[in-house]
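> quick one: sequence and predicted model below, then my questions.
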There are 2 protein chains.
Amino acid sequence: MAHPNLCLIKYSVTSLSYSGKVSLVPLLDGNIADGTEYANEKIWNILRSGAAGDCSYLWTQTRREDAQICYAMTYQFYKNNKEPIANPIRIEKEKQVGFSVGTDVKPGDTVTIIKYISIVSSLHYERQDLIEEAVSQVREAKTIGWNALLQDHRQAWLDIWDEADVIIEGDPEAQQGIRYNIFQLYQTYRGDDPRLNIGPKGFTGEKYGGNTYWNTELCCVPFFLLSTPREIVKNLLIYRYNQLPKAIENAKKLGFSNGAALFPQVTNNGEECHSEWEITFEEIHRNNIIVYAIGQHATMTGSLEYVAKYGLEVMIAVSRFWSQRVSFSRPKQKYVILGVTGPNEYENNVDNNWYTNYSCTQCLKITLGYLEIIAKENPDEYARVRRITSFNQAEETERWKDIIARMYLPEDTEQGIFIQNDGYMDKELQSTGAIPEEERPINQHWSWDRILRSCYIKQSDVLLGLYLYYFDFDTDTTRRNFDFYEPMTVHESSLSPHIHSILAARIGEVEKAYELFMHTTRLDLDDYNNETDQGLHITSMPGSWLAIVRGFAGLQIHGGILSFSPVLPKKWSGYTFKVNYSGNTLHIRVAGKEIIFSLTAGNKLNIGVYQNVYELKQGSSLTVKMTE
Amino acid sequence: MAHPNLCLIKYSVTSLSYSGKVSLVPLLDGNIADGTEYANEKIWNILRSGAAGDCSYLWTQTRREDAQICYAMTYQFYKNNKEPIANPIRIEKEKQVGFSVGTDVKPGDTVTIIKYISIVSSLHYERQDLIEEAVSQVREAKTIGWNALLQDHRQAWLDIWDEADVIIEGDPEAQQGIRYNIFQLYQTYRGDDPRLNIGPKGFTGEKYGGNTYWNTELCCVPFFLLSTPREIVKNLLIYRYNQLPKAIENAKKLGFSNGAALFPQVTNNGEECHSEWEITFEEIHRNNIIVYAIGQHATMTGSLEYVAKYGLEVMIAVSRFWSQRVSFSRPKQKYVILGVTGPNEYENNVDNNWYTNYSCTQCLKITLGYLEIIAKENPDEYARVRRITSFNQAEETERWKDIIARMYLPEDTEQGIFIQNDGYMDKELQSTGAIPEEERPINQHWSWDRILRSCYIKQSDVLLGLYLYYFDFDTDTTRRNFDFYEPMTVHESSLSPHIHSILAARIGEVEKAYELFMHTTRLDLDDYNNETDQGLHITSMPGSWLAIVRGFAGLQIHGGILSFSPVLPKKWSGYTFKVNYSGNTLHIRVAGKEIIFSLTAGNKLNIGVYQNVYELKQGSSLTVKMTE
């Protein structure tokens, strides 16, 4: 973690009763064979391989995108902690380079190899320098040595845990789960390069090809925003900003104009690269979470700088997309959004998906709001953005306001619920209990035809809207919708259960929230869906952290004030975490019947706890009784 | 046409000023390279090739389905109509076998080659006999010789033209079109083998892989039923009947039970073999046209034999499918059919497609109707079918009747039209005139997202229902729906224009009918869609015949009586055709201001003309004045 280009492995063999020669063979092996996604596809070329003294290297190139990566390797060889004379044999094949070292052992002897590997990429170095860089870095690593490098690594992790650890008392499985998730997340994304994003499987599997999905904004952004004071999220946002020209081009190809942008559903360079699966290309709601994330960044950091410099352009482009994508229904006398797929991929090509329609109006509202704020707070930047986007303020904002005012939002007023999409209430509505256990998950047992016309929901849809836009909905509305939709949700997306967990906690169904939290937090540890051979659900892992912080602890922002309404699952005696808000770091411990807040960074902060607001100063702490 | 295993080619070269050697090289060439669909796929193996005397052969095997075909070839070589001593050189490569023959010519000499080819298939002969069969058939052909074989071929065509010709007076382009289509149809399908069906491209292109689609029942069945007295259609129906077990298996895989059948959308052996394109697998309406075709066969032939022996089983299985596929909507208090694609493939995964819902009730009605008739007319067959299908008459028919009575059929009562599917009226409705010319066809210019949410219709959908089930709808209903839907139909399916042409004629819009007829009849001749390189639209070709007979001549059956209400397009001075009905052959000539009917086979026939019914006896004729 301290030296991101290095990888070290230490390996020891002790003879119990054997006498004779032991050979160890430190290699760089270019013959990877993962066997899952690209089993029959040659994904890279070996450009050159060789050895220089005690150092070997492998210079590779990915075939699809011409990324070049060079690996160098050296080693140290010990017998009983001393370096013997080993007479290494050099191994040089086209795709395998390294050494074979050996020595004679007798019972009780231990031979040890430390393998030093450097990995350098054309993302950071000139292509012609890659071999030299790799070799020089691995040589330096050997000079520094195992102990010092391990110490650096440990310290880097200690710093992260100090920031991000969550302690759960009384529930080792939950504790293991949340730490496992935090560990995977910080190991996957360092947040120091806006050219990089987070693939759904991180580096743990080839599925989804390392591409970026809306998972990043939906799940990773809120986690990194709150869990670390470092500016990790800004780079995730700039990643999208840099792809804005391609998102505009993408929308243009689909028939849109005037700088309207449709960000891709699946991408690594800004171009849409989803497969032909219709469900995916119709998930245009993805545009909204990108705008939402920009707004969240401003709220959580308390800074308008990103919005003014980058965010506003994205907001305008996305709002322009909606302005053209909605149509006006004569019979309904409302704006409608036809032919979409919502987050629930078990409906396809539906009209008036509630989440899509609602998040569209929210997107327009966020855009209008920040336009007004930046015009006032930073008129120069506002003028610049207006100029480069040829923004016709009067006309465009009027249209957006009209869409907000007259958007059709399907609702069942009798039951007091929002309707997922047109036609949903015509389905035979029944709970997931009606599905025989041996037919779960349904996506592995049912025909697609049957899934599409069933009432079953892959992942939260109306409920996702209630989670994201909580400030618009009271608890009773949340409860009615939760009671209606949760029983029909099969949670066959890893993005689903934490949303439901958070809402369950909000409406006081703490044990239901706990059950869904455990589903999220141990999804990969317990291989819940029998699929971890494909890799871990990296981008869903923040869900378990969010379920604790936004669910059990009830973190919300109301009128700019960071607020909590903690609950405690029966099994837990307490839980502790830190959050960062507007330059402050707040330490929260929920323990038994009370909650203790303390400010570890920042001068003072007003916080809401249940119905009251308290002022908290650095160094001081605040204890509030839990509400029953 | 008289010897279906034979192919003959005659080729002559006359020297104008050349003196010297001329060689002709009759070959069988196994190196086909069509270059369109399967350009990079090796679709067959050569099992053996060789020569026996003056005969060469090529024994091949298709890789996917192990069909074996053997070709044999021999030739006759003439110089100025005499056989010279040619000393042929034998050519034997792995994939090419044949001969090279030559002779010396001087100016004025003509050399001629006649190539005799036989093609025999494992469909008709034992595999081990294929070479022998091919060689013996081609030798026999040579013995019979060019002139006699050509005469047989001519006579076979004359017989077909005598049956099937349509004469159009005053419009050579239309005349050429209809004859071109009739020629292609009879050349493609002989109707003597129930293992064969008709691929959308016939044998003219590789697109659609030679598989069977609903085109057969929709378009080819009514053509062959009416245009020839021979029992061609029975074999097309038995083709489906033989696939019933697989259709039941197919439905079972999708979660259906109790012998419910879903016939495949695309097949050649009964198994569903469509690609993953969702639109296709949700086109479950295809089940209904199969039942409709069985009913049509009984009506047109006047015989219940097929229904009793085969048809009823299919009807019960399909009705069972619908019985399980509908669901009951609580808000609507009606049966609904959710998640389908109608014939209009520019809507996808819609609810309550009017055509699907309506044809479902019709399918149930047809089934109930024939169950009653067969129970009465043929109680033994009825008992047999009931036994082998484990048909629970009381319970199942009650359910079907309930579905018929309470099916939801979307309708706009104010405008007096049926609604294509739920949500359609929310679209921005505009005519195809709003599409810039350079953006047609839209499926080559618009994104799929845009097509799906547009109002534009690929092929008739509500109108198709009005065409098939004309007996349920009055002319005003047809007119209102035609006026509403035709302006939004882009006819980007070759199955579309003839349906509209027929309806236009019915509502008196004769010139519109003519325009749509010309679109259908010259689609391939004029390469309307710039795609004949992919092959001809064989299974849509009957559309032009149907547009004349069911459109301009207005053929319908009312109360069992064959009825006509002819109209005449301005450009035509007359048209003449024959139709076969219940064992009778009727010759109809529409000429100027009158229509002349005569019975060329059968004893007597009641026919309806406009509002009256006439009795027609063999040999006599009837002249009726055209209605203005």
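Now that the structure is in, tell me what you want to look at. Residues are numbered from 1 along each chain as shown, chains lettered A, B, ... in the order given.

> how about the closest residue to chain B within the stretch 151-300 of chain A, nearest residue that isn't a chain neighbour?
The minimum distance from the stretch 151-300 of chain A to chain B, using Cβ to the nearest Cβ, falls at A:Leu254 (4.2 Å). All C-beta spots, glycine's among them, are computed from the backbone N, C-alpha and C. Spatial nearest neighbour of A:Leu254, excluding adjacent residues (Cβ to Cβ, 6 or more residues apart in numbering or on different chains): B:Ser447 at 4.2 Å.

> quick one: low-confidence parts of chain A?
A:33-41, A:275-279 (pLDDT under 70).

> how far out from the middle of the chain is the longest helix along it?
Identified as the longest helix of chain A according to DSSP state H is helix A:354-377. Taking Cα atoms, centre = their mean, to the nearest Å, the mean C-alpha location of helix A:354-377 is offset from the chain mean by 23 Å.

> list the buried ones in stretch A:119-132?
A:Ile119, A:Val120, A:Ser121, A:Ser122, A:Tyr125, A:Leu130, A:Ile131, A:Glu132 (16 or more other Cβ atoms under 10 Å in any protein chain shown).

> quick check, the residue nearest to A:Leu254 in contact with A:Ala251.
No - between B:Ser447 and A:Ala251 there is no contact under Cβ atoms under 8 Å: 9.8 Å.

> higher neighbour count, these two?
In this view B:Ser447 and A:Ala251 are compared by other Cβ atoms under 10 Å in any protein chain shown, and A:Ala251 has more residues nearby, 26 against 15.

> can you name every helix or strand that the longest helix of chain A contacts?
The helices and strands touching helix A:354-377, judged by 3 or more Cβ pairs under 8 Å, 6 or more residues apart in numbering or on different chains; DSSP states H and E, are helix A:286-301, helix A:312-325, helix A:379-388, helix A:393-406, helix A:462-468.

> now tabulate the ones you listed in TSV and tack on distance to chain B.
TSV is the format used below for these (distance: least, Cβ to the nearest Cβ, whole Å):
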stretch	distance to chain B
helix A:286-301	13
helix A:312-325	9
helix A:379-388	27
helix A:393-406	14
helix A:462-468	17
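
> angle of the longest helix of chain A against helix A:312-325?
140 degrees (axes from the mean of the first three to the mean of the last three Cα atoms, to 10 degrees).

> flag every buried residue along helix A:354-377.
Buried, per 16+ other Cβ under 10 Å, within helix A:354-377: A:354-368, A:370-371, A:373-375.

> what sits against the closest residue to A:Gly30 other than its chain neighbours?
Nearest non-adjacent residue to A:Gly30, counting by Cβ to Cβ, 6+ apart: A:Lys95, 3.6 Å away. By Cβ atoms under 8 Å, 6 or more residues apart in numbering or on different chains, A:Lys95 lies in contact with A:Asp29, A:Gly30, A:Asn31, A:Ile46, A:Ser49, A:Leu58.

> now with 7 Å?
A:Lys95 makes contact with A:Gly30, A:Asn31, A:Ile46, A:Ser49 under the criterion Cβ atoms under 7 Å, 6 or more residues apart in numbering or on different chains.

> again, but for A:Val340
A:Val340 touches A:Glu282, A:Ile284, A:His285, A:Val350, A:Asn353, A:Thr356, counting by Cβ under 7 Å, 6+ apart.

> most neighbours of all those, which one?
A:Asn353 (32 neighbours).

> may I have the beta-bridge partners of A:Ile91?
Note on A:Ile91: beta-bridge partners by DSSP bridges are A:Gly98.

> for burial, what's the neighbour tally of it?
16.

> hmm, it is touching A:Ser100, no?
Yes - if you go by Cβ atoms under 7 Å, A:Ile91 and A:Ser100 touch, sitting 6.1 Å apart.

> please list the residues of chain A that sit near chain B.
Chain A has residues A:253-255, A:278, A:281-282, A:327, A:329, A:331-332, A:336, A:338-339, A:348-349, A:351, A:422-423, A:425-428, A:446-447, A:449-450, A:452-453 near chain B, with proximity defined as Cβ under 7 Å from any Cβ of the partner chain.

> ok, of those, which come out buried?
A:254-255, A:278, A:281-282, A:327, A:329, A:336, A:338-339, A:348-349, A:351, A:422-423, A:425-427, A:446, A:449-450, A:452-453.

> just to be sure, A:Leu237 is in a helix?
Yes - the assignment for A:Leu237 by DSSP: H, G, I helix; E, B strand; the rest coil puts it in a helix.

> who's in contact with it?
A:Ala293, A:Ile294, A:His297, A:Tyr306, A:Tyr310.

> 8 Å instead, please
Contacts of A:Leu237 (Cβ under 8 Å, 6+ apart): A:Val221, A:Ala293, A:Ile294, A:His297, A:Tyr306, A:Tyr310, A:Gly311.
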